[in-house]
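Colleague: coords below, sequence missing:
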Ligand code: UDP
Ligand code: MG
């Protein structure tokens with residue numbers, strides 16, 4: 001039984017700004033998550049609000065949308081075995097202070113908001129998020 005999945009990863013503005021794109025991509029590649037597509041873009045605040053609308057009732061929503069649209073990001077489709085959960089493990093906890101050693105957020109995250117990467121949290125959300133960036 002194959003459990004090859006696709007998930008959406010984003011390298012967030014704090015990491016793009018610090019020239020960490022290649023280092024973060026290398027972690028995915030080393031761990032057998034193939035980068036099937038990638039795209040560097042700068043979202044408008046409205047687009048960021050649409051992407052993160054699941055968080056619209058949270059107190060940090062407005063800051064989160066401002067942040068995601070504050071500079072260029074890199075959106076990627078990662079493909080591999082158990083890609084959704086495996087990418088979440090490689091990323092580490094939302095708060096870099098709580099992330100395990102060697103995870104991307106532990107290595108590069110600055111704070112709970114500037115935590116360097118996004119990763120889809122379910123297969124269903126991965127499909128929606130991949131469509132958001134790569135449909136058409
Ligand atoms: N976030 C924040 N403050 C918080 C919680 C989350 O700024 O207290 C930001 C952070 O950038 C996080 C994003 O909102 O990555 C989405 O939150 P979620 O709980 O979905 O975390 P993730 O799935 O990214 O680990
Ligand atoms: Mg999330």
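Modeller: Alright, I've got the coordinates. Quantities reported herein were computed from a predicted structural model and do not represent experimental measurements. Ligands and ions are numbered 1, 2, ... in the order given.
Colleague: Give me the distance between residue 83 and residue 126.
Modeller: 8 Å (C-beta to C-beta, to the nearest Å). In this view, the C-beta of every residue, glycine as well, is placed from N, C-alpha and C.
Colleague: what touches both of those two?
Modeller: Here residue 83 and residue 126 have 5-7 as joint contacts, going by C-beta atoms under 8 Å, 6 or more residues apart in numbering.
Colleague: my read: residue 76 touches residue 8, true?
Modeller: Yes. The pair residue 76 / residue 8 is scored as a contact, 7.3 Å apart, by C-beta atoms under 8 Å.
Colleague: sorry, back to before: neighbour count, secondary structure and pLDDT added to the shared contacts of residue 83 and residue 126, as TSV?
Modeller: Listed next are those as TSV, based on neighbours: other C-beta atoms under 10 Å; DSSP: H, G, I helix; E, B strand; the rest coil; pLDDT from 0 to 100:
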residue	neighbour count	secondary structure	pLDDT
5	20	strand	98
6	21	strand	98
7	27	strand	98
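Colleague: Let me know how buried residue 80 is, in neighbour terms.
Modeller: The tally of other residues near residue 80 (other C-beta atoms under 10 Å) stands at 20.
Colleague: and the gap between it and residue 27?
Modeller: Using C-beta to C-beta, residue 80 is found at 13 Å from residue 27.
Colleague: now swap in residue 43 and tell me
Modeller: From residue 43 across to residue 27, the span is 23 Å (C-beta to C-beta).
Colleague: In three-state terms, how would the spatially most central residue of the chain be classified?
Modeller: Nearest to the mean C-alpha position of the chain, counting by C-alpha atoms, centre = their mean, stands residue 118 at 2.1 Å. Put simply, residue 118 is strand when judged by DSSP: H, G, I helix; E, B strand; the rest coil.
Colleague: Good, wrapping up.
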